[in-house]
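**Student:** Fold the following for me, if possible:
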Amino acid sequence: MPISYSIFCHSRLVLQIIRYYFLFWKHAPGISFAIYVLLCLVGGFVVLGAQGIKPAWQALLLLLPIVFCAAMTFVRQEPLSLLLSHAFTLFLLGMLALTFIRGRWFSYSLADYLVNFLRLAGSMIARPLTFASQNRRQPEESGAKGGARRMLCIS
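**Tutor:** Coordinates of the predicted model:
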C-alpha cells in the first residue's frame, strides 16, 4: 500500500520545524530528545494509521521501554547514562520499525537482529529514492506541475 505523499510530507515538515527551531536550536540537551522521540512516535502512528496499517500488540509492548529510555536522557545526566539512554532508545525505535506489523521481536536471535538491522539500514537508503522516483513520475503522467510542493518535501 503506497504511502500518501501529502500526509508523509506534511508530517515530516512539522517534525523538522519542531526539531530545529523549538527543541534543538540553541538549547541545552535534556528533555528535548524525549519530546522529539514522542513526537516521532505519534507522527509515525498517525501516518501509518491513516494508511490503515495497524501494529501488532507485541510491537506495542516496546513503547514502554522506549519511553523509559527516552525519559532517562533528561533524568540521568552522567555521560555514560546519556550514551546508553540515547543508544537504547534508538535501538528500540529500530526494533519497533522492524517488527511493527508482525511483532515477533521476542523470538529473534542475535543473528536475526543483526540481519534485520542491516536490512533496515539498506531500506533507509533505498526506499526514499524509490518513493521520490514514484512521486516524480505521477505528476509527469498526469501533466500536473508540483515543483514547489515537491521541494517542501525534499527539504
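**Student:** Which residue, other than its chain neighbours, is closest to the residue most central in space within the chain?
**Tutor:** Taking Cα atoms, centre = their mean, the centroid of the chain lies closest to residue 40, which sits 5.7 Å from it. Closest residue to residue 40 apart from its sequence neighbours, by Cβ to Cβ, 6 or more residues apart in numbering: residue 15 at 6.6 Å. Where you see a C-beta, it was placed from the backbone N, CA and C, and this is true even at glycine.
**Student:** how much space between residue 19 and residue 33?
**Tutor:** For residue 19, the distance to residue 33 (Cβ to Cβ, to the nearest Å) stands at 10 Å.
**Student:** of these two, who's got more company?
**Tutor:** residue 33 (20 against 16; other Cβ atoms under 10 Å).
**Student:** Give the helix, strand or coil label for the closest residue to the more buried one other than its chain neighbours.
**Tutor:** The shortest distance from residue 33 to any non-neighbouring residue, by Cβ to Cβ, 6+ apart, is to residue 73 (4.7 Å). Put simply, residue 73 is helix when judged by DSSP: H, G, I helix; E, B strand; the rest coil.
**Student:** Wait, residue 73 touches residue 89, no?
**Tutor:** Yes: Residue 73 is in contact with residue 89 according to Cβ atoms under 8 Å; the separation is 7.1 Å.
**Student:** Give me the pLDDT for the residue nearest to the centre of the chain.
**Tutor:** The per-residue pLDDT reported for residue 40 equals 87.
**Student:** Likewise for residue 107?
**Tutor:** 85.
**Student:** in this protein, which helix has the most residues?
**Tutor:** Looking across the chain with DSSP state H, the single longest helix is helix 110-142.
**Student:** Can you list the buried residues in it?
**Tutor:** The neighbour-count check on helix 110-142 (16 or more other Cβ atoms under 10 Å) flags 116, 135 as buried.
**Student:** So what's the gap between it and the chain middle?
**Tutor:** Distance of helix 110-142 from the chain centroid (Cα atoms, centre = their mean, to the nearest Å) equals 13 Å.
**Student:** Stretch 81-96 now?
**Tutor:** Distance, centroid of stretch 81-96 to centroid of chain: 13 Å (Cα atoms, centre = their mean).
**Student:** Give the buried residues for stretch 19-32.
**Tutor:** Using 16+ other Cβ under 10 Å as the test for burial, stretch 19-32 gives 19, 23, 32.
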